[in-house]
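J.: Fold the following, please.
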Amino acid sequence: MKRILTLFLLFGLYQAQAQTPTWSGDIAQIIYDNCGVCHHPGGLAPFSLLTYNDAFGMRSMIQSDVNNRIMPPWPPDDSYQDYSHKRSLTATEITKINDWVNAGAPEGNASQTPPAPSYNQGSFLPNPDLVLRAPVYTSNAQPGRDDYVCFAIPAGIATNKKIKAIEVVPGNQSIVHHCLVYANLAGTYTTNTSGTCSGPSSDPLIAGYAPGEFPTIFPNNQQVKMGFEITPTTKLVLAMHYPQGSQGQIDSTKIHLFFYDDTVTNVRTVSAAPALNNTSFCINANTVGTVSATFPPSSPLPIDLTLISVFPHAHLLGQDFTVYGLKLNGDTIPLIRIPRWDFNWQGFYLFKNPIKMPVGSRLFGRARYDNTTNNPFNPNNPPQNVCFGLNTTDEMFLVYFQYLNYQAGDENLDLESMTQPPSTPTNVYEEAIGKNYLLAYPNPFTQELSIEYYVEKEEEVSIAIYDIHGRFVKRLISSELQRGNQRIIWKGDSELGNTLESGMYVIQLLVGNEITTQKALLQR
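T.: This is a model prediction of the structure:
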């Protein structure tokens, strides 16, 4: 009898050990899938979680943040609406993490640990078709005033291009609060570093970046392709926000553009706008207030629209958001509910399936703001009256939508499968901030080539043109002392002033002992 009892106890102990989650068998894959995109060496997060030792050292924090729904950062309420590329953990995954930590966070069989994913340093999507870079800029944020600047960068393309994806790559991730990308198709917008520029008012918004936001990938498959078309005259406007505390630090943000093949003609245009907005509110000190908005404000929608994503935006006083549609018959269309607003994690949330907003429907949104001492993120102590404004210490109520004209069957599209990024990035786009750089546009060109470049510190600068075979063509600058952002024009002529034939030419920038080159195609 004792022997049977002993065997029974040993069997029970074996079963308990066998069911205890381990790093190699259970937890590593959960971390890789939900946390690694930020928590990897050089990633957005301040520490990596890709190895057992990394995770073991942070096991208590992992358990606490997971149970309090702080990490992974996923503000939307999944029971209200379904989204693509969710970072929220399932109940089963949370239970596994709890059981693992409570059991002492065992490693298990190290040889059975799945291989850790690899990530681009500085960007997610490999092999962009075009890289545009803003000038190196020194933040002029003052105490009590954030710095809002807009950089107008010529696309420098020879023919119309249809954008498939856009990635914003901050040059200095620690000071870029957000970047909104607008398409100035007329090419008339000029760079504005006044400190109060929030972007062009009449040009379309095509992409955005905020901490935790991933690249904008327009939905596409064999049958349906969505995106945005730009022209040779287009300037991409980067509306940058540098917060208080960033004064004196430098940044040079880039955008990576990915195009459809020129043979693709049936690309549906995606628009983006803050359809729900309220710019005339204040939250008085020591009060909790609610702000709301309706779109259209005076009459229902006159056409059917398809919504593909939603992006609520507020600042530090924000507490929660609810956004929904209302059909003509009174039926509610849930869009997004954020029960616990987090200023540090916001962006476009892509629906799992497009949402049809039928004729006669309207959009509604409301948010709650806590301007009391109970709000640990309140920027003022004691609390002060806070109104709508551009600074982080002001407040905002905006809800952006990506949308397009409705077509039959839109609501059945699987947006998650249509926006999958590559599983294995291959190229690395990481450059030192302040590094000398060279930009030539338009490329190809017919008459004049604008050559922009940056010199980090005062040095001798030379610029020369060579043909594709390395033969000298013309010297534009010879050993001049320069520093900062510069611009020069080449008219496609030789050292003797002769007009050159069509062909590929190489611009060579020599700064001190450092050589930077770029090719440019002349088409007569």
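
J.: Might you report the residue contacts of the most centrally placed residue in the chain?
T.: Geometric centre of the chain, nearest residue: Y209, 3.1 Å, by CA atoms, centre = their mean. Taking CB atoms under 8 Å, 6 or more residues apart in numbering as the criterion, Y209 is in contact with V168, P170, V176, H178, C179, L180, V181, G347. (C-beta placed from N, C-alpha, C; glycine too.)

J.: closest to P126 among these?
T.: The closest of the contacts of Y209 to P126 turns out to be V168 (CB to CB; 15.6 Å).

J.: Test my guess that Y441 contacts S450.
T.: Yes. Using CB atoms under 8 Å, Y441 is in contact with S450, at 5.6 Å.

J.: The two: which has the busier surroundings?
T.: A direct count of neighbours by other CB atoms under 10 Å for Y441 and S450 places Y441 higher, at 19 against 16.

J.: Now do the same contact list for the more buried one.
T.: Y441 touches P154, A155, G156, L449, S450, E452, counting by CB under 8 Å, 6+ apart.

J.: If we use 6 Å, what do you get?
T.: Contacts for Y441 (CB atoms under 6 Å, 6 or more residues apart in numbering) come out as P154, G156, S450.

J.: cool, I489 as well?
T.: Applying CB under 6 Å, 6+ apart, the residues near I489 are E448.

J.: rerun that using 8 Å as the cut-off
T.: Contacts for I489 (CB under 8 Å, 6+ apart) come out as E448, L449, S450, I451.

J.: And N284, by the same measure?
T.: Listed by CB under 8 Å, 6+ apart, the contact set of N284 reads N371, N385.

J.: what's the distance between it and T234?
T.: To T234, N284 is 44 Å away according to CB to CB, to the nearest Å.

J.: shared neighbours, Y441 and S450?
T.: Common neighbours of Y441 and S450, using CB under 8 Å, 6+ apart, are P154.

J.: which residues does R59 contact?
T.: R59 touches W100, V101, A105, counting by CB under 8 Å, 6+ apart.

J.: cool, F151 as well?
T.: A134, P135, Y137, T191, V237, L238, M240, T253 are the contacts of F151 under CB under 8 Å, 6+ apart.

J.: In space, what's closest to it - neighbours in sequence excluded?
T.: Once flanking residues are discounted, F151 sits nearest to A134: 4.1 Å by CB to CB, 6 or more residues apart in numbering.

J.: what's the pLDDT at that neighbour?
T.: Note for A134: predicted pLDDT of 89.

J.: Check the one 3 residues further on too.
T.: pLDDT recorded at Y137 is 88.

J.: And the nearest residue to it once chain neighbours are set aside, how far from H241?
T.: Closest residue in space to Y137, ignoring its immediate chain neighbours: D251 at 5.7 Å, by CB to CB, 6+ apart. According to CB to CB, D251 and H241 sit 11 Å apart.

J.: Need the residues touching each of those two.
T.: The contact lists of D251 and H241 share V176, where a contact means CB under 8 Å, 6+ apart.

J.: Let me see the domain layout of this structure.
T.: Using automatic domain parsing, the domain ranges for the chain come out as 2-112, 120-267, 270-411, 437-522.

J.: follow-up on the earlier one: residues contacting the residue nearest to F151?
T.: Residues in contact with A134 (CB under 8 Å, 6+ apart) are F151, I153, G171, L238, M240, D251, S252, T253, K254.

J.: most surrounded residue in those residues?
T.: Neighbour count (other CB under 10 Å) singles out M240 as the most crowded of the contacts of A134, with 27 neighbours.

J.: which helices and strands sit right next to the helix or strand hosting A165?
T.: In this structure, A165 sits in strand 161-169 according to DSSP states H and E. Under the contact criterion of 3 or more CB pairs under 8 Å, 6 or more residues apart in numbering; DSSP states H and E, strand 161-169 touches strand 178-184, strand 205-209, strand 216-217, strand 225-230, strand 254-259.

J.: run the last query once more with 6 Å
T.: strand 225-230, strand 254-259 (3 or more CB pairs under 6 Å, 6 or more residues apart in numbering; DSSP states H and E).

J.: and the last one, which strands flank it?
T.: The one in question is strand 254-259. strand 130-133 (antiparallel), strand 161-169 (antiparallel) (DSSP bridges).

J.: Please spell out which residues along the shortest one are buried.
T.: Right, the one you point to is strand 130-133. Within strand 130-133, the residues that qualify as buried are L130, L132, R133, counting by 16 or more other CB atoms under 10 Å.

J.: just stretch 148-160 next, same as before
T.: Y148, V149, C150, F151, A152, I153, P154, A155, G156, I157.

J.: what packs against the helix or strand where Y505 lies?
T.: Secondary structure assigned from DSSP H and E places Y505 in strand 503-511. Contact here means 3+ CB pairs under 6 Å, 6+ apart; on that basis strand 503-511 packs against strand 449-467, strand 514-522.
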